[in-house]
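>>> need a structure here:
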Amino acid sequence: MTPHTSDAPGGTRVLAVANQKGGVAKTTTVASLGAALAQRGKQVLLVDLDPQASLTFSLGVDPEELDLSVRGVLLGEKDPSDVIVVTDEAVHLLPSTIELAQAEETLATRTGREQRLRVALETVAGDYDWIILDCPPSLGVLTAAALTAATDLLIPLQCETLAHRGVGQLLDTVHDVRTFTNPDLRILGVLPTAYDGRTKHARAVLDAITTSYELAVVEPPIPRTVRFAEAPAYGQSILRTAAKHRGAQAYREVADALLAT
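Down below sits the predicted model:
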C-alpha cells in the first residue's frame, strides 16, 4: 500500500469496503476494523449503506426500532448528527433500515445522487479520524455514492473462482467513479477473508487476482472461523466476543497496517 494523505476535512480517512459479491465479509470487516481502530484511540464512524442493515444489527442496534436512519440523510431530510448512534464498542454508527431500498430507487432520479453522501459526511467529518462505509452487495447508486465519498477503497475477497468476475466488475465501476466523480479514490488492495492458506486453490485464486488486476494484498489474511458468525448475535464484533482469537488479532493487524499508510 502506498502512503496516502486525505483531502477530507480534518484529515479524515473515508474507507469504502466494497465488493458486489455477497458473503465476502464486508460487514464483518467494517465492524471489526472499526472496533480495532477505536481500540487504537481513533474516533470512528461506521456507515451502514446496505438496506439489509446487517452492520446495524451486528452492532447491537435493532433496525426495526429506529425512527431515523441513513435514508433520511441521503434524501436530504436529516443531518448525520441527528441520526448517529453510539455503540457499545465506542464507535459511532450511521444506521440503516429496510427503507433504504426504497430510498435508493428515489435517489436514482435525483440530481447529484452520487455526491449526496459525500456532502452529508462533510458536516461531521471533523469529528472523526476514520469513517468506514459498509457497501451493499451491488454496484448501484449506493455503492457509487460510497466510492464518490471515499478517500480509500478496500476489497474483501474470498479466494474462490467466482471472485475473478466480481473484482473485474468492481474495478470497472471504480474507473467510472474516478473519471466522473472522484479522481482521487485510491485502492488499498484486496483483503483475503475466510482464508485457508493450506489449500492450493485459495492461494492460486489470490495470486491470479492480484496478478491480473495489479492489486496489492492487504495482510494478514483473515482466517475462516465460526466466531465471526457468532459475534452479531451478541451485538458486538469479534474483538469483544473473542478478543484473543486469531481472527480478532488479524483485524487488529490490518487496522495497524491501515494506520501506517
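>>> Beyond the helix or strand hosting R178, next helix or strand please.
Using DSSP states H and E, R178 sits within helix 163-180. Remark: after helix 163-180, the chain's next helix or strand is strand 186-193, criterion DSSP H and E.
>>> tell me the angle of that following strand relative to helix 163-180?
Orientation of strand 186-193 against helix 163-180 (axes from the mean of the first three to the mean of the last three C-alpha atoms, to 10 degrees) gives an angle of 160 degrees.
>>> With just CA atoms, put strand 186-193 into PDB.
What follows is strand 186-193 as a C-alpha-only set of coordinates in PDB (Å, rounded to 0.1, in the frame of the first residue of the first chain):
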ATOM      1  CA  ARG A 186      -7.200   5.100  -4.100                       C
ATOM      2  CA  ILE A 187      -7.500   1.300  -4.000                       C
ATOM      3  CA  LEU A 188      -5.600  -0.100  -0.900                       C
ATOM      4  CA  GLY A 189      -6.000  -3.600  -2.200                       C
ATOM      5  CA  VAL A 190      -7.800  -6.900  -1.600                       C
ATOM      6  CA  LEU A 191      -8.200  -8.300   1.900                       C
ATOM      7  CA  PRO A 192      -8.400 -12.100   1.800                       C
ATOM      8  CA  THR A 193     -11.300 -13.300   4.100                       C
END
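>>> quick one: average confidence on the helix or strand that that strand is followed by?
Downstream of strand 186-193, the next assigned helix or strand under DSSP H and E is helix 200-213. For helix 200-213, mean pLDDT rounds to 83.
>>> ok, now stretch 109-128?
Mean predicted confidence for stretch 109-128 is 95.
>>> how big is the angle separating the helix holding R178 from helix 200-213?
Using the same axes, to 10 degrees: helix 163-180 against helix 200-213 is 30 degrees.
>>> At which residues are the strands of the protein located?
13-17, 44-48, 85-86, 92-94, 130-134, 152-158, 186-193 (DSSP state E).
>>> Dump those to JSON lines, plus distance to E104 and mean neighbour count.
The C-beta positions use only the backbone N, C-alpha and C, and glycine is treated the same way. Written out in JSON lines, the entries for the strands of the chain read as follows (distance: least, C-beta to C-beta, whole Å; neighbours: other C-beta atoms under 10 Å):
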{"stretch": "strand 13-17", "distance to E104": "16", "mean neighbour count": "26"}
{"stretch": "strand 44-48", "distance to E104": "13", "mean neighbour count": "27"}
{"stretch": "strand 85-86", "distance to E104": "22", "mean neighbour count": "12"}
{"stretch": "strand 92-94", "distance to E104": "16", "mean neighbour count": "25"}
{"stretch": "strand 130-134", "distance to E104": "15", "mean neighbour count": "27"}
{"stretch": "strand 152-158", "distance to E104": "20", "mean neighbour count": "25"}
{"stretch": "strand 186-193", "distance to E104": "24", "mean neighbour count": "23"}
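>>> Using CSV, please lay out these together with distance to P220.
Compiled in CSV, the strands of the chain are given as follows (distance: least, C-beta to C-beta, whole Å):
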stretch, distance to P220
strand 13-17, 17
strand 44-48, 21
strand 85-86, 30
strand 92-94, 26
strand 130-134, 19
strand 152-158, 14
strand 186-193, 9
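>>> Out of the ones you listed, which gets nearest to S237?
When the strands of the chain are compared by C-beta to C-beta, strand 44-48 sits nearest S237, at 10.3 Å.
>>> Output the below-cut-off pLDDT ranges for the stretch 1-150 of the chain.
1-10 (pLDDT under 70).
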